[in-house]
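Trainee: here's my sequence, what's the structure:
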Amino acid sequence: QVQLVESGGRLVQTGGSLRLSCVLSGRTLSYYSMGWFRQAPGNEREFVGGISRDSGTVYADSVKGRFTITRDNARNVVYLQMNSLKFEDTAVYYCGAALTARVGARRSEYDYWGQGTQVTVSS
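Mentor: Residues are numbered from 1 along each chain as shown. Predicted coordinates for the structure are as follows:
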């Protein structure tokens, strides 16, 4: 059974940086394209970005140039590096795994999800 565990979320000031990790267990990460999503209170879960099996990346316009996604298949970990954080980045961040070659921007395209990690950016 595939399991995903996110970590690294915490309280950070506006303009600060944070790196989230997503560890996949139960299977080899290299089989999956991985996505990061976030959900703020009262909002739908939205696509942040993702990385394909061959390490191609896609980002939402709201984070482009500030966030970077990388993967380490040897360690079964995907990272979300977040720089220049804004108050509106506050949300629970989730990673998802999809048995596809490309990154999907829709929740329905993902087969597995983690439990989420809270990121709070103070204004």
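
Trainee: strands of the chain, start to end?
Mentor: Along the chain, the stretches classed as strands by DSSP state E are 3-7, 11-13, 18-25, 33-39, 46-51, 57-59, 67-72, 77-82, 91-98, 112-113, 117-122.

Trainee: in a markdown table: these, plus mean neighbour count.
Mentor: (Each C-beta comes from the backbone N, C-alpha and C, glycine too.) Shown next, in a markdown table, are the strands of the chain (neighbours: other C-beta atoms under 10 Å):
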| stretch | mean neighbour count |
| --- | --- |
| strand 3-7 | 17 |
| strand 11-13 | 13 |
| strand 18-25 | 19 |
| strand 33-39 | 24 |
| strand 46-51 | 22 |
| strand 57-59 | 17 |
| strand 67-72 | 18 |
| strand 77-82 | 22 |
| strand 91-98 | 23 |
| strand 112-113 | 18 |
| strand 117-122 | 17 |
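
Trainee: so which of those comes closest to Arg106?
Mentor: strand 46-51 (7.4 Å; C-beta to C-beta).

Trainee: redo the strands of the chain as TSV? Include distance to Arg106.
Mentor: Shown next, in TSV, are the strands of the chain (distance: least, C-beta to C-beta, whole Å):
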stretch	distance to Arg106
strand 3-7	17
strand 11-13	28
strand 18-25	18
strand 33-39	9
strand 46-51	7
strand 57-59	12
strand 67-72	17
strand 77-82	18
strand 91-98	10
strand 112-113	13
strand 117-122	21
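
Trainee: okay if I get these as a markdown table plus mean pLDDT?
Mentor: Formatted as a markdown table, the strands of the chain follow (pLDDT from 0 to 100):
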| stretch | mean pLDDT |
| --- | --- |
| strand 3-7 | 98 |
| strand 11-13 | 98 |
| strand 18-25 | 98 |
| strand 33-39 | 98 |
| strand 46-51 | 98 |
| strand 57-59 | 98 |
| strand 67-72 | 98 |
| strand 77-82 | 98 |
| strand 91-98 | 98 |
| strand 112-113 | 98 |
| strand 117-122 | 98 |
